[in-house]
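Asker: fold the following.
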Amino acid sequence: MLEMFIVSQEIVDDTVKEYLSDILFGVSRNEKEINKLIEENLKQNWEIDRISKINLSLLKIAIYEMIYQKLPYRIAINEVVELAKRYSDEQAQSFINGVLASIVKKQNLEEE
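Answerer: From the prediction side, this is the model:
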């Protein structure tokens with residue numbers, strides 16, 4: 001499926017192909033831990049199945065980048081909030097930012 005996406009979007013840059021592959025397989029390999037982090041940082045009475053697919057995907061990407069790729073959290077959060085502005089509803093930005101800010105605080109992530 002990844003290869004079909006790359007072909008259909010006419011992606012030729014090897015760096016972009018590598019990034020997409022890393023994100024896809026990295027999130028997949030670490031999905032249990034990533035989902036657990038999301039669940040632990042949701043407001044009370046919220047469950048992961050209530051999160052839209054796009055917002056859940058954006059959360060997973062940012063968490064993977066922050067925790068496993070060690071990307072500075074400000075960059076990861078900014079990237080997915082911008083994507084949420086473009087592809088999700090108005091409340092998504094605040095929701096995603098809130099969950100990720102909670103994870104940053106609890107995981108004691110610091111800028112490098």
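
Asker: any stretches of the protein with poor pLDDT?
Answerer: Applying pLDDT under 70 to the chain picks out residues 111-112.

Asker: can you pull out the helices in it?
Answerer: 2-8, 14-29, 31-40, 53-63, 73-87, 92-106 (DSSP state H).

Asker: of those, which stretch is the most buried?
Answerer: Mean neighbour count (mean count of other Cβ atoms under 10 Å) peaks for helix 53-63 among the helices of the chain, with a mean of 20. Bear in mind the C-beta positions are built from the backbone N, C-alpha and C, glycine included.

Asker: what angle separates it from helix 14-29?
Answerer: Angle, helix 53-63 to helix 14-29, by axes from the mean of the first three to the mean of the last three Cα atoms, to 10 degrees: 100 degrees.

Asker: CA atoms of helix 53-63 as CSV?
Answerer: The C-alpha trace of helix 53-63 is given here as CSV (Å, rounded to 0.1, in the frame of the first residue of the first chain):
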residue,chain,number,x,y,z
LYS,A,53,-9.2,8.5,12.6
ILE,A,54,-7.4,11.6,11.3
ASN,A,55,-6.9,13.0,14.8
LEU,A,56,-5.7,9.6,16.1
SER,A,57,-3.3,9.3,13.2
LEU,A,58,-1.9,12.8,13.8
LEU,A,59,-1.4,12.0,17.5
LYS,A,60,0.4,8.7,16.7
ILE,A,61,2.7,10.5,14.2
ALA,A,62,3.6,13.2,16.7
ILE,A,63,4.2,10.7,19.5
